[in-house]
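Student: Just to be clear, the model below is a prediction. Sequence and coordinates:
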Amino acid sequence: MSASLAIELSNEDDRMTNAPPNTPPDDPALAMSRIWQADCDQLNRFCTTASNRERAMFDAPLAERPAAERAYIEARDARDKLSDRLDACARALEKTKAQSIEGVAGKIAVTILQNAPEPQSAEPPWPMLRSCVDDLERLAKRST
């Protein structure tokens, strides 16, 4: 695995024990939802990298194809590992009780991002659910 992909996937145990900045210390659901969302953003980058490397593998001259194939396999494996980690985090989040409005909003946001057919789907119920998350976040900010 290349150094950059390995670094991005390293320390996954630390991610679950060290909450992101601005996370109330008493709401593990909020911390987990922020970790999930950050990993989701990272997964999008990994998918792009894997796709680019796959295309490069097919376009590579015959002599360079083995190296291009190794690069693609490395990117694919990193993408798959992160995807598995996202699934595990979502399953754990489902069992975690939110301790704040922000935590509830985070859990709903993860559910929407994980299950909507596309990020900005206009099909019901996705716009209403995104609106509810926005309302919860707005109310939470107002109460602090």
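Tutor: Noted; the coordinates are in hand.

Student: which regions of the chain lie under the pLDDT threshold?
Tutor: The chain contains residues with pLDDT under 70 at 1-25.

Student: In it, where's the longest helix?
Tutor: helix 28-59 (DSSP state H).

Student: Who are the packing partners of it?
Tutor: Judged by 3 or more CB pairs under 8 Å, 6 or more residues apart in numbering; DSSP states H and E, helix 28-59 is in contact with helix 3-9, helix 12-17, helix 65-94, helix 101-115. Yep, even glycine has a C-beta here, placed from its N, CA and C like the rest.

Student: If we use 6 Å, what do you get?
Tutor: Applying 3 or more CB pairs under 6 Å, 6 or more residues apart in numbering; DSSP states H and E, one finds that helix 28-59 contacts helix 65-94, helix 101-115.

Student: ok now stretch 123-136, how far from the chain's centre?
Tutor: A distance of 19 Å separates the centroid of the chain from that of stretch 123-136, by CA atoms, centre = their mean, to the nearest Å.

Student: and the helices and strands packed on helix 28-59, which is most packed in?
Tutor: When the helices and strands packed on helix 28-59 are scored by mean count of other CB atoms under 10 Å, the highest mean neighbour count falls to helix 101-115 (a mean of 20).

Student: Can you give me the distance of the spatially most central residue of the chain to residue 56?
Tutor: Central residue of the chain (CA atoms, centre = their mean): residue 40, 1.6 Å from the mean position. Distance check for residue 40 against residue 56: by CB to CB, to the nearest Å, it reads 25 Å.
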